[in-house]
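S.K.: got a sequence here, can you model it:
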Amino acid sequence: MLKDLSEIGHIVQNAMIFNPHNWKGISMDANSLLQTVRRLFALLEKRQIEYVLVGGIALLNYVEGRNTEDIDLIMASPDLTKLPEITVKSQENPYFARGTFNGLQIDILLTKNPLFRLIQQKYTVEHSFLEQTISMATIEGLLLLKLYALPSLYRQGSFVRVSVYENDIASLLYTYCPDHKALFETLKNYVSDNDMNSLQEIVHEIEQRIQRFQSGRAQ
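M.R.: So this is what the prediction gives:
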């Protein structure tokens, strides 16, 4: 479990430091990175921005072993305009934007996407940290986002990201045993029938892996 905002900074810092691609030069030292994370969430609160923390940082509140180099937020486009401090680097479609805040990368899932809007409205929980309260996706919210993204990642041929997302899904299913049938009932309104069939097969395979693991532990 995350205990305070400084842990978020440490997570991002460690991901940046231990990624070999970054060894030629890290743009921020530890102290400035921690302060950047604190300033970002303080700014979100001050401007009364409705946001939801998702992605690898949110996942770490529920399971161990995940790392990330950025912060992922669900946010509405009008709210993003209230944050000129975030420099938008790219926005390839109406649903995603990527920006930076004092050198910290931020991936933004925009609520023009109906599923992202649903997550913001119904699948969030507030976590109190030492410094403030953060709005974070629930376990079910994270699973919906991961499952929703998988078909696109398969079509892109992004094997590494597919592996990461499927491992995230497996970790959440194993640790919390959520009602994935209820999740599929929700998800069917946002993906095609073909994608839904593929996702059900993927989750079935993950459940079989979990069962084999549990059987091995019991021996």
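
S.K.: surely residue 51 meets residue 83?
M.R.: No. Using C-beta atoms under 8 Å, residue 51 is not in contact with residue 83; the gap is 9.7 Å. Backbone N, C-alpha and C define where each C-beta goes, glycine included.

S.K.: show me which of those two is the more surrounded one.
M.R.: Remark: of residue 51 and residue 83, residue 51 carries more neighbours, 24 against 20, as counted by other C-beta atoms under 10 Å.

S.K.: check this protein for its longest helix and report it.
M.R.: Once the chain is assigned using DSSP state H, the helix that runs over the most residues is helix 193-218.

S.K.: what helices or strands is that one leaning on?
M.R.: Secondary-structure packing of helix 193-218 (3 or more C-beta pairs under 8 Å, 6 or more residues apart in numbering; DSSP states H and E): helix 139-156, helix 159-176, helix 180-187.

S.K.: domain parsing for this protein?
M.R.: 5-137, 141-218 (automatic domain parsing).

S.K.: for the last one, what is the average pLDDT?
M.R.: What it means is domain 141-218. On average, the pLDDT along domain 141-218 is 94.

S.K.: and that domain, how far from the chain's centre?
M.R.: Remark: domain 141-218 is offset 15 Å from the chain centroid, using C-alpha atoms, centre = their mean, to the nearest Å.

S.K.: thank you kindly, that will do.
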